[in-house]
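Chemist: need a 3D model of the sequence below.
(chains A and B)
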Amino acid sequence: MKQKPRVAVFDFADCEGCELQIANLEEEIIDLLEIVDVVSFREVMKEHSDQYDIALVEGSIMRPIDEKRLQGIRKNAKILVALGACATIGGVNKIRNQWMPDEVMKQVYGDAKVKGNELFNVGKAKALNEVVPVDYYIHGCPIDRDEFKQVITALALGKKPEIPRYPVCVECKKNENICQFELGNFCLGPITRAGCKAICPTHNMPCDGCRGLIKKAETECVKEVLERYHLTYEDIRRRCTMYNYGREECTYDK
Amino acid sequence: MNTLRAITKKELHCFVDALIADGTYDVVGVKAKGKRFVYGPLDHAEDLRLDHDVTILPPKKYFLPPLESMMQYDLKKPFEVQATFDNKQRIIIGMHPYDIIALQQTDVVYLDEQQDDFYKKRRDNTIIIGSDIDAVSERSFAGSMNTHVADTGFDVLISNIGTQYLLTIGSEKGKQLVETYAKTKEATAADLKKLQQKRNTLLEKYKQKVNITTKDWPGVLVANYQHAIWEEHADTCLECSSCTMVCPTCFCYDVRDQVSLNLKDGQRVRTWDGCLLRDFTRVGSGEVFREEVKERYRHRFYRKGNYLPARYGFVACVGCGRCGIACLPDIADPCNLINELASFGREEDTERFFIKQKTTVEETGIIHVPRSATVTRVEHFNDLDTFFEIQLDDGKPLGHKPGQFVEISLFGIGEAPFGVSSPPSDTPRFEIMVRTVGNVTSKLAQLKSGDKVGVRGPLGNGFDTTSFEGKNLIFTSGGTGMVPMRSLINFVLDPKHRKKFKNITILYGAKQPKEITFMKDVDHWKTVCDTQCEVTVDRCDEKECWNGCIGLVTTLFPKIRMDMYDSKNTIAIVIGPPIMYKFVIQCLKTMGIPDENIYVSLERRMKCGVGKCGHCQINGIYTCKEGPVFNYNQIKQLPEAFE
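Modeler: Residues are numbered from 1 along each chain as shown, chains lettered A, B, ... in the order given. As a prediction, this is how the structure comes out:
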């Protein structure tokens, strides 16, 4: 049999929730281990190796030392996969990009002496592809386990993983949900990339856009819908802050 | 058959409860979901709502589920593939007339000469208990579409006439069901009168009305194909395809391979697709055939109001109004759109771009399940192109005509269409050439002799070579257009057939010397007498060796020995990339070759190959059924074909 691809899992600024989703595959993790060799995965194992083919990287990049570490990973890996919203689009970490890093540091650490300590040398929050080239994306906060399996099996079969380029509405309609707009809520589903099986609207929560926007908030069609539902550009801007601050549109795989 | 029985409200509940209790059937019916309604499994008769206006999704979800397994396979043992049928016996209660009619329309498409077995099974296993409309949805215009009442298409139809219900028996199955499970009485003349009254007053309840009859939809659409309205509306389109998802007459689908995490087994599934989505027309090489939102937005309306009427004789909209409710910018409602268009004017005598053609069905068995075949020869032409000889494991010949195509499957990866590049043969072997562009082609390129693939086909129409007999022939191919062209050329140059045709010219253009495919054939053609073969390349890198012509394929035309050609008695065949047709056809016109003597073969996203999935549509024409070979004269006016 062909050698199994060696996989390493890394994390940066994140909650490790996406890694937890992998660990939560439970009995299926045995299947996963049959098709790949996991050589590094801090959340679940002690061993570590720098010899890997596929790097799954969770988290946003905050500091120069993170950039350096990510560049090292990129150098080692044949395939680099961004895992979860923090890595794919910056996600919640970018909320703080509304303020200057100095202000944020002061707010959080007050007068504590952190200056000069590289661990505290924080810049703007970045998605992985703002630092290194990323090959594939597993979107979401957290990732969808089925999509994770789909991407991993595709890579193990030597095939290019395909993720949806259409909005959440497609999946939401298939689930026969009442439209969040009809319920009086403001949902980002129409401009957010699908692939989550519309999990939030299906559980009666409007979409927050964690899988990235596929349409600009300035597009004519978005304006039209905002107007119809008595919403303003400011409303949508605020709504996008949660996961998509500073990002107008994910254009990387159009 | 239509006999009428009366039943009390209480007994109707007992009837439904008896059906549920029996356990033979999976009983589904209309239930409340918040302020809306949905079809769902019924636990008690009380859950059934016959006062619903419209459900969020139509009952198509029981016949063409949003995600449906078509076959399962074992990746370790290629070609242990099994079709996965849904054998559940089901009763659907509460289907309104417009949904019943929509289902009858879907039957026409899915139960045609290339029958969809998965659909057929579900259809056969389902009993339909319809319901007359009590509450009219605000957006519905079924009254204008004559779909507010249905005379056929149900097994039983329930009508609320106030004091009690009437059951119209529509089939033997329905009769049996009512006799076995329901306590009914003979309906009286007074009951019948009440029912007629109810139906008569129903029309008045419709606020939404289409100002023209369905007969006039095609005319209005054809007259306004280039109208600015398409762009205006498309500007506000979110491209979410919600309109097609909730539509009872939208039945296009995409096909995917899903593999289990252990890579041991997998299944091929199909899932609802929508023509408003950009990827709908995307082919392996990345080309998108309806790039602009406007084109996709317009396509949906033309499919409903012009293409399907031309093909099947009915407007594929039943006026349920679901798309109007689902569309956030509110541009999807056909009632509003048709009324708007009708105010601009119409054409009385509509010229419709439609080719009526009978599909010859050569395949037996389940149309979606491929036959097993073995790769018997692999040759790498260059880093992109790989040649394969494939042998069908059942030992039967493929039985193809030049110009036909096959769908090649790799389980776990997917399926893709390829033109057959060998001439017709009575052996089970045939040849294809694969250019590496996507997942299926990359994986194919790694195959070795002895590996297994799946084959569906031959599909499409192919060339009618008998009509070329006694004529001069000019073959023009560009790039991979040579793949199907080679089948035709080798057929006519076969000593057995050569005498039937007059002078032959072969023109072939490739991007660069290393991309010239079938070099051995090309060299051979150059030596055949009465045959002229000219090859050119667009460019030649310094490292490459090439002493032939450089320039586009059109630069070869002056080399044709015109004195040998009587242009009226000359047939030209053109196959190449989309951009090539316009220029080559211009050259042929200059030579005086009439349009009806020009044949082209077009590339589109042929996914199902049997006229169901909708991806290869060029306007109203299915490339996989009426094509890929077309007479130029027939389609030169066809929008989208050469643009």
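
Chemist: for the stretch 401-550 of chain B, which residue gets nearest to chain A?
Modeler: Taking Cβ to the nearest Cβ, chain A has its nearest neighbour within the stretch 401-550 of chain B at B:Asn439, 4.6 Å off. Every residue, glycine included, has its C-beta placed from N, CA and C.

Chemist: tell me how chain A divides into domains.
Modeler: Per the record, chain A has its domains at A:6-156, A:168-244, by automatic domain parsing.

Chemist: what number of residues lie near A:Ala8?
Modeler: A:Ala8: 23 surrounding residues under other Cβ atoms under 10 Å in any protein chain shown.

Chemist: so it is in which element?
Modeler: Counting by DSSP states H and E, the element that carries A:Ala8 is strand A:6-11.

Chemist: how far does that strand sit from the chain's center?
Modeler: Distance of strand A:6-11 from the chain centroid (Cα atoms, centre = their mean, to the nearest Å) equals 16 Å.

Chemist: pairing partners for it, with directions?
Modeler: Paired strands of strand A:6-11, with direction, are strand A:37-41 (parallel), strand A:54-58 (parallel) (DSSP bridges).

Chemist: highest mean neighbour count out of these?
Modeler: strand A:54-58 (a mean of 27; mean count of other Cβ atoms under 10 Å in any protein chain shown).

Chemist: I'd like the next helix or strand past that one.
Modeler: With DSSP H and E, the next secondary element past strand A:54-58 is helix A:64-76.

Chemist: same for whichever helix or strand comes after that next one, what does it pack against?
Modeler: As assigned by DSSP H and E, the chain's next helix or strand after helix A:64-76 is strand A:79-83. On a contact count with 3 or more Cβ pairs under 8 Å, 6 or more residues apart in numbering or on different chains; DSSP states H and E, strand A:79-83 meets strand A:54-58, strand A:136-138, helix A:145-156.

Chemist: now do the first one, average pLDDT.
Modeler: Here the mean pLDDT over strand A:54-58 is 97, rounded to a whole number.

Chemist: need the residues that contact it.
Modeler: Here strand A:54-58 makes contact (Cβ atoms under 8 Å, 6 or more residues apart in numbering or on different chains) with A:5-12, A:14, A:16, A:18-19, A:22, A:36, A:70, A:73-74, A:76-84, A:86-87, A:128, A:138, A:155.

Chemist: buried subset of those residues?
Modeler: A:5-12, A:14, A:16, A:18-19, A:22, A:36, A:70, A:73-74, A:77, A:79-84, A:86-87, A:128, A:138, A:155 (16 or more other Cβ atoms under 10 Å in any protein chain shown).

Chemist: would you mind listing the buried residues in stretch B:381-401?
Modeler: Going by neighbour count (16+ other Cβ under 10 Å), the buried part of stretch B:381-401 is B:381, B:384-392, B:398-401.

Chemist: got the residues of the stretch 51-200 of chain A near chain B?
Modeler: Counting by Cβ under 8 Å from any Cβ of the partner chain, the stretch 51-200 of chain A comes close to chain B at A:149-150, A:152-153, A:156-160, A:162, A:165-167, A:169-170, A:173-174, A:176-179, A:181-183, A:190-191.

Chemist: can I have the buried ones of the residues you listed as a ChimeraX selection?
Modeler: Typed into ChimeraX, the line below selects the buried ones among those, using 16+ other Cβ under 10 Å:
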select /A:149,150,152,153,156,157,159,162,165,166,167,169,170,173,174,176,177,178,179,181,182,190,191
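
Chemist: let's see which of the residues of the stretch 51-200 of chain A next to chain B end up in helices.
Modeler: A:Lys149, A:Gln150, A:Ile152, A:Thr153, A:Ala156, A:Cys169, A:Val170, A:Lys173, A:Lys174 (DSSP state H).

Chemist: format the strands paired with strand A:6-11 as CSV; extra columns: distance to A:Ile65.
Modeler: Below are the strands paired with strand A:6-11 laid out as CSV (distance: least, Cβ to Cβ, whole Å):
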stretch, distance to A:Ile65
strand A:37-41, 18
strand A:54-58, 15
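
Chemist: looking at the ones you listed, spot the one closest to B:Ser567.
Modeler: strand A:54-58 (60.3 Å; Cβ to Cβ).
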